[in-house]
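>>> fold the following, please.
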Amino acid sequence: MTWTLVSPLRRVRAPRPTPPPAPPAAPPTSAATARAPIRPPSLRTWIGVLAMVFGMFMALLDIQIVTSSLTQIQGGLSASADEISWVQTSYLIAEVVMIPLSGMLSRLMSTRVLFVASTVGFTLTSALCAGATSLGAMIVFRVMQGFLGGAMIPTVFPVVYTVFPPRQLAVVMVLISLILNLSSTVGPTLGGYLTDTYSWHWLFLVNIVPGIGVAILVWTLIDVDKPNWSLLRAFDLPGLILMALFLGCLEYVLEEGERWDWFSDSTILAAAVLSAVSAGLFFWRVLTYRQPIIDLRAYRIRNFAMGSFYTFIVGIGLYCGTYVVPLFLAEVRGFSSLQIGETVVVTGCASLAVSPFTTYIARKIDLRVMLAIGMCLFMTAMYLTAGLTNQASFGELFLPQILRGIGLMFCFLPANLIALGGLPPELLRGAAGLYNLMRNLGGAIGLAALGTVMNDRLHFHWNRLIESVNPARPAVQHFLDMQAGRLDPHFTGGATPPAIKLLGRIVEREALVLTFNDVMLLIGGIFFIGLVLIPVLRRPRTSPLATRDVEAEA
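Predicted structure coming up:
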């Protein structure tokens, strides 16, 4: 027998080492947290961003600057009263189509190239608008101007959230909020001044020199990303066409529907049907295509969805408030364009005065509380304005307009920070376009609904007032006798018919005053709905204005 001291070797499978525990999953990176290591921007970055903000102001201003001068443009182009509204409508339709498309184009071309190309095109088409000699040419040039200007508005937001640390971010966001407010307030007044002092051509010529300066500064000073031309291989052209049909037809229906009695007009009905069908196909395409023209994933984030809802409400208040008050002063009080501008400028002055304090307030209190304060202030302003009389002027409108200007500033900043401040960087560029689109749609839908409501309430109040204006009543007969006696020397055929006509105008004026008061209450009611829904908002995990500035190393 053979003995061995060592047993034969056998292959034994060693036990696998226990893997170390996985680290806890990091929370999703938002635009706010991604900016933590950012150093304060240099002076050249500040100048470049301010140039972009000024370019955005130019594009926003051109929405409103022509509203007070459409009559002069109509005469210069030999257009009819029905046709001249297309000078405004064509710009709005093209802008609404471009705003959501800007996110895809900025990824494709880079932010700098898109903004500079849009600014150069906007400036060139402004010169073409000034030289237009026919309505057809003007509409084509305004479509081009609106399309290019629409890319300048949302492109600013991703740059601001990318290059600025929290303290500077607050300052720039307040500046942008102020510009959004001032553009709608100053636009009609500036347009009326340019037209009265020079001619309507200067409504467009005024863009040329600033546009060239903005393009040069942005191209020289801003470079935050690189183009990704590979996206062109899977560019969703059918999605683009469906989006253009959906938004373009929707904007046309909203702008022209009230003037043509809505669906009783075959063109409005066809546009509404085309918009609805295109909308269904567009959303199906966006949700199924691998590289959609618009990324809707941001709407899965509650605060972005709710922030978009609040900017929709703010758009209603901004555009409707800017429309109703000047219309009241013109129709009821008979104010000139200069007098209207001097009255409504109080809103812009109030926003300008409160803007330095909004950054401090936004850092110290919950953004949801600040938004609620803004909603309350705007709602109170509408309630106070709803007590108008036929003698209301600057004094009666002073306090409500101050509250409206402050309320808008308290709404703009928190709504923007709540919606965009918590988004991941990869969603920010597309979401900025959707966010700005909601504000414009709020204004368009609000103005369309406003026209219909005003017509209905005017007929209602006229019918109620006319029931009390009966010549059999002693007070009515006394009024007619007094007016007939006063007018008798001026009319050879009897003064009673002119006296009755004068009474009818007074009744119409009072019905109009009551209509304006109803509209003010309706706008205030919309803001009350927004106030009630504030608890639905989630408190941001990390405030976009949290102090994480990194000092530059010596």
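>>> for whatever helix or strand Gln74 lives in, packing partners?
For Gln74, the host element (DSSP states H and E) is helix 70-77. In terms of contacts (3 or more Cβ pairs under 8 Å, 6 or more residues apart in numbering; DSSP states H and E), helix 70-77 is packed against helix 86-109, helix 135-152. Backbone N, C-alpha and C define where each C-beta goes, glycine included.
>>> let's have those in TSV, adding distance to Ile340, mean neighbour count and mean pLDDT.
Shown next, in TSV, are the helices and strands packed on helix 70-77 (distance: least, Cβ to Cβ, whole Å; neighbours: other Cβ atoms under 10 Å; pLDDT from 0 to 100):
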stretch	distance to Ile340	mean neighbour count	mean pLDDT
helix 86-109	18	23	77
helix 135-152	24	23	85
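>>> I'd guessed Lys226 sits against Arg112; true?
No: applying Cβ atoms under 8 Å as the test, Lys226 and Arg112 come out as separate, 9.5 Å apart.
>>> these two - which one has more neighbours?
For Lys226 versus Arg112, neighbours defined as other Cβ atoms under 10 Å are more numerous around Arg112 (23 against 11).
>>> confirm for me that the more buried one is in contact with Val218.
Yes: using Cβ under 8 Å, Arg112 is in contact with Val218, at 6.5 Å.
>>> quick one: buried residues of the helix holding Gln74?
Leu70, Gln72, Ile73, Gln74, Gly76, Leu77 (16 or more other Cβ atoms under 10 Å).
>>> again with stretch 326-335
Under 16+ other Cβ under 10 Å, the buried positions of stretch 326-335 are Pro326, Leu327, Phe328, Leu329, Val332, Arg333, Phe335.
>>> still on that earlier bit, redo the buried residues of helix 70-77 as JSON lines? Include distance to Gly48.
Shown next, in JSON lines, are those (distance: Cβ to Cβ, whole Å):
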{"residue": "Leu70", "distance to Gly48": "35"}
{"residue": "Gln72", "distance to Gly48": "37"}
{"residue": "Ile73", "distance to Gly48": "34"}
{"residue": "Gln74", "distance to Gly48": "40"}
{"residue": "Gly76", "distance to Gly48": "37"}
{"residue": "Leu77", "distance to Gly48": "38"}
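>>> looking at those, which is nearest Ser183?
For the buried residues of helix 70-77, the minimum distance to Ser183 (Cβ to Cβ) is 18.0 Å, reached by Leu70.
>>> chain center to the helix or strand encompassing Trp284, what's the gap?
Taking DSSP H and E as the criterion, Trp284 maps to helix 266-288. Helix 266-288 sits 23 Å away from the centroid of its parent chain (Cα atoms, centre = their mean, to the nearest Å).
>>> following the chain onward from that helix, which element is next?
helix 302-331.
>>> so which bits of that next one are buried?
303-304, 306-329.
>>> ok now it, how far from the chain's centre?
Counting by Cα atoms, centre = their mean, helix 302-331 comes out at 8 Å from the chain centroid.
>>> what's the angle from the next helix or strand along the chain from it to helix 302-331?
Sequence order places helix 337-364 as the next helix or strand after helix 302-331, per DSSP H and E. Using axes from the mean of the first three to the mean of the last three Cα atoms, to 10 degrees, the direction of helix 337-364 lies 160 degrees away from that of helix 302-331.
>>> I'd like the next helix or strand past helix 337-364.
helix 367-385.
>>> and the angle for the longest helix anywhere in the chain with helix 86-109?
Looking across the chain with DSSP state H, the single longest helix is helix 425-468. Relative orientation of helix 425-468 versus helix 86-109 (the same axes, to 10 degrees): 170 degrees.
>>> now the helix holding Trp284: buried residues?
For helix 266-288, by 16+ other Cβ under 10 Å, it's Ile268, Ala271, Ala272, Leu274, Ser275, Ser278, Ala279, Leu281, Phe282, Phe283, Arg285, Val286.
>>> got it, and stretch 287-304?
Pro292, Ile293, Ile294, Asp295, Ala298, Ile301, Asn303, Phe304.
>>> could you find the closest non-adjacent residue to the fifth one?
Using Cβ to Cβ, 6 or more residues apart in numbering and skipping the chain neighbours, the partner closest in space to Ala298 is Ala431 (4.0 Å).
>>> wait, that neighbour sits on Phe304?
Yes: counting by Cβ under 8 Å, Ala431 does reach Phe304; the two are 6.2 Å apart.
>>> what about Leu533, neighbour count?
Neighbour tally, Leu533, other Cβ under 10 Å: 14.
>>> dump the residue contacts of it.
Met306, Phe309 (Cβ atoms under 8 Å, 6 or more residues apart in numbering).
>>> picking that back up, which among the buried residues of helix 266-288 gets closest to Val519?
Ile268 (22.6 Å).
>>> separation between the closest one and Leu250?
11 Å (Cβ to Cβ, to the nearest Å).
>>> and what of Arg404?
28 Å.
>>> can you check Phe57 too?
Remark: distance between Phe57 and Leu250 (Cβ to Cβ) = 26 Å.
>>> one step back: show me the contacts for the residue nearest to Ala298.
With Cβ under 8 Å, 6+ apart, Ala431 has these contacts: Gly103, Asp295, Ala298, Phe304, Ala419, Leu420, Leu423.
>>> of these, just say which sits nearest to Leu203.
Gly103 (29.8 Å).
>>> got a list of what that closest one touches?
Counting by Cβ under 8 Å, 6+ apart, Gly103 has contacts Pro154, Ile294, Asp295, Arg429, Gly430, Ala431, Ala432, Gly433, Leu434.
>>> just checking, the third one touches Leu427?
When you say that, I think you mean Asp295. Yes: because the distance of 6.5 Å satisfies Cβ under 8 Å, Asp295 is recorded as touching Leu427.
>>> hang on, isn't Arg509 packed against Asn390?
Yes: judged on Cβ under 8 Å, Arg509 makes contact with Asn390 at a distance of 5.8 Å.
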